[in-house]
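1. What shape does this take:
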Amino acid sequence: MNQPLAERMRPRSLDDYIGQLHLVGDDGVVRRMIESAKVSSFILWGPPGVGKTTLARIIANSVKVPFYTLSAVTSGVKEVRDVIDRCKADGLSMFTEGRPILFIDEIHRFNKAQQDSLLGAVESGIVTLIGATTENPSFEVIRPLLSRAQVYTLRPLEENDLRHLLDRAIGGDNVLRSHGVKVEETTALFRFAGGDARKLLNILDLIEQSTPQGETVVINDRIVTDRLQENPAVYDKNGEMHYDIVSAFIKSVRGSDPDAALYWLARMIQGGEDPDFIARRLMILAAEDISLANPNALLLANTTFDVVHKIGFPEARIPLAECAVYLALSPKSNSTYVGLHRAMDLVEKTGDLPVPLHLRNAPTSLMKEMGYGRDYKYAHDYPGNFVVQQFMPDQLGHRTLWEPCDNAAEMRSAALQNERWRQKDNS
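-> Here you go, the predicted model:
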């Protein structure tokens, strides 16, 4: 049989689908959509091999509406518009029970113009959009489109899920059954699979194909490791242990180890990683883990992204290395990251408190009569360009949300703030 095991074992219904119980369990939102045949636009975000495309195909098999598929790798604006025109025709048909569904695989690869071409059809209800992406939609999907589609996160499969998948493949695939399979150990198999169902099935496929006809397929740690060393691309065509390596890279930079940062950077480059992806991770690192301890880090990371975007590989590896080492050597701080989360927690607990009157603009005479802007103190009119006044909602008084980390730059800023606001305590 020429079909890969991963394709032979692809689930056709929710009952056969493994993992993602938060979405497809008894109370899962996707299961409720399928059972009601009322599918709203959404984007599936998760690592490779966790069931994004499979879930879209299950929806296609379950709901009685026209279903169209595009790959962002091979499709452009023309293909999108052609499908939308067909969806318009379907929507006018008396035989159609609901809105047509358009599934776009790897939607993060669409540029802004291509995503814009979808917007009108989604907004007007001509089509229901289902997108699949391995990249954070916040960075890769335009905001107007993102606001019209829920984002559902898919997680790497857990060990119990992988074991269930292994048992099903051994018991349900004709090729494996005809060979006979003996499972002695699963540690290496599950480690190399890394929560990726396709990876696990590809490894099984490889071992079955390398086992002489008539012999039992044996699964143990030695055999799995040996076969994968001989065929390193089989189990991860997008870069060995993609997400593990990205995680190690980020943690090495955060942990101020430039040597490890360069090592993991080299692994990503050798694995064919998208240079823009690496540059984006460096920008996030600079903002989250270095921040005010060295504000130049974010400037360099942003410049690196610009340079990498302009020159591409192979030359882009040099500015990426420069930025990675610079960030690793920089002093670290997560004070703004922590402060923002404190502020968001406070907003969630206290709701939409009104802006104090003295901080509001007063563009009309009526607003001025109502006290908008009254008693506001313009900081530049006071010594040192500072004057004590209330900036948070009156119900909160003043809350400390930002606290400095132990580095020279933030300690200097904190000392200045303490000196300024001491006036309030003495007033």
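2. per-residue pLDDT, the closest residue to Leu5 other than its chain neighbours?
-> Excluding the flanking residues, the one nearest Leu5 by CB to CB, 6 or more residues apart in numbering is Asp205, at 4.1 Å. For glycine as for every other residue, the C-beta is placed from the backbone atoms N, C-alpha and C. Looking at Asp205, its pLDDT reads 89.
3. got any ranges where the stretch 51-200 of the chain has weak pLDDT?
-> Under the criterion of pLDDT under 70, the regions of the stretch 51-200 of the chain flagged as low confidence span 90-98.
4. can you give me the end-to-end distance of stretch 5-20?
-> 21 Å (CA to CA, to the nearest Å).
5. wait, stretch 291-302
-> For stretch 291-302, the first-to-last residue distance is 13 Å (CA to CA).
6. Stretch 153-167 too?
-> End-to-end for stretch 153-167, by CA to CA: 26 Å.
7. Renumber starting at 51 from here on
-> OK, 51 is where the count begins now, so the last one is stretch 203-217.
8. Can you give me the buried ones in it?
-> Leu204, Arg205, Pro206, Leu207, Asp211, Leu212, Arg213, Leu215, Leu216 (16 or more other CB atoms under 10 Å).
9. what does stretch 310-319 give?
-> Ala310, Ala311, Leu312, Trp314, Leu315, Arg317, Met318, Ile319.
10. so the third one is in which element?
-> Per DSSP states H and E, Leu312 falls inside helix 308-320.
11. What spatial separation is found between Leu250 and Ala238?
-> The gap separating Leu250 from Ala238 is 11 Å, by CB to CB, to the nearest Å.
12. List the residue ranges of the stretch 251-400 of the chain that fall below the pLDDT cut-off.
-> 279-293.
13. residue ranges for the helices of it, please.
-> Using DSSP state H, counting those that start in this stretch, the helices of the stretch 251-400 of the chain run over 271-280, 292-304, 308-320, 325-335, 346-361, 367-379, 385-400.
14. So which elements touch the fourth one?
-> If contacts are counted by 3 or more CB pairs under 8 Å, 6 or more residues apart in numbering; DSSP states H and E, helix 325-335 sits against helix 292-304, helix 346-361, helix 367-379.
15. Only C-alpha atoms, please: export it in PDB.
-> Output of helix 325-335 as PDB, limited to C-alpha atoms (Å, rounded to 0.1, in the frame of the first residue of the first chain):
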ATOM      1  CA  PRO A 325      14.600  33.300   9.600                       C
ATOM      2  CA  ASP A 326      11.700  35.600  10.200                       C
ATOM      3  CA  PHE A 327      10.400  33.200  12.800                       C
ATOM      4  CA  ILE A 328      13.700  33.300  14.700                       C
ATOM      5  CA  ALA A 329      13.900  37.100  14.500                       C
ATOM      6  CA  ARG A 330      10.400  37.400  15.900                       C
ATOM      7  CA  ARG A 331      11.300  35.300  18.800                       C
ATOM      8  CA  LEU A 332      14.300  37.500  19.500                       C
ATOM      9  CA  MET A 333      12.100  40.600  19.500                       C
ATOM     10  CA  ILE A 334       9.700  38.900  22.000                       C
ATOM     11  CA  LEU A 335      12.700  37.900  24.200                       C
END
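16. can you list contacts of it?
-> With CB atoms under 8 Å, 6 or more residues apart in numbering as the contact definition, helix 325-335 has outside contacts at 185, 189, 296, 299-300, 303-304, 315, 318, 348, 351-352, 354-355, 358-359, 362-363, 366-367, 370, 373-374, 377.
17. Check these for burial and list the buried ones.
-> Neighbour-count burial (16+ other CB under 10 Å) is assigned, among those, to 185, 296, 299-300, 303-304, 315, 318, 348, 351-352, 354-355, 358, 366-367, 370, 373-374, 377.
18. Help me confirm that Arg136 comes into contact with Phe117.
-> No. If you go by CB atoms under 8 Å, Arg136 and Phe117 don't touch, sitting 11.3 Å apart.
19. Give the intersection of the neighbour lists for these two.
-> In contact with both Arg136 and Phe117: Pro150, using CB under 8 Å, 6+ apart.
20. Show me which of those two is the more surrounded one.
-> It is Phe117, of Arg136 and Phe117, that has more neighbours when counted by other CB atoms under 10 Å, with 19 against 15.
21. and which of the buried residues of stretch 310-319 is nearest to Asp166?
-> Met318 (30.9 Å; CB to CB).
22. contacting residues for that closest one?
-> Met318 sits next to Gly289, Ile295, Val296, Phe299, Ile328 when contact means CB under 8 Å, 6+ apart.
23. between those residues, which is closest to Val267?
-> Gly289 (27.5 Å).
24. picking that back up, pick out whichever of Leu250 and Ala238 has more residues nearby.
-> The residue with more neighbours, out of Leu250 and Ala238, is Leu250; 28 against 19, by other CB under 10 Å.
25. Find the nearest non-adjacent residue to the more buried one, please.
-> Residue nearest to Leu250 in three dimensions, not counting chain neighbours: Ala243, with 3.8 Å by CB to CB, 6+ apart.
26. list the contacts for the residue most central in space within the chain?
-> Nearest residue to the geometric centre of the chain (CA atoms, centre = their mean): Asn186, 2.6 Å. Neighbouring residues of Asn186 by CB under 8 Å, 6+ apart: Trp95.
27. Against Val375, how distant is it?
-> Taken as CB to CB, the span from Asn186 to Val375 is 25 Å.
28. Okay then, goodbye and thanks.
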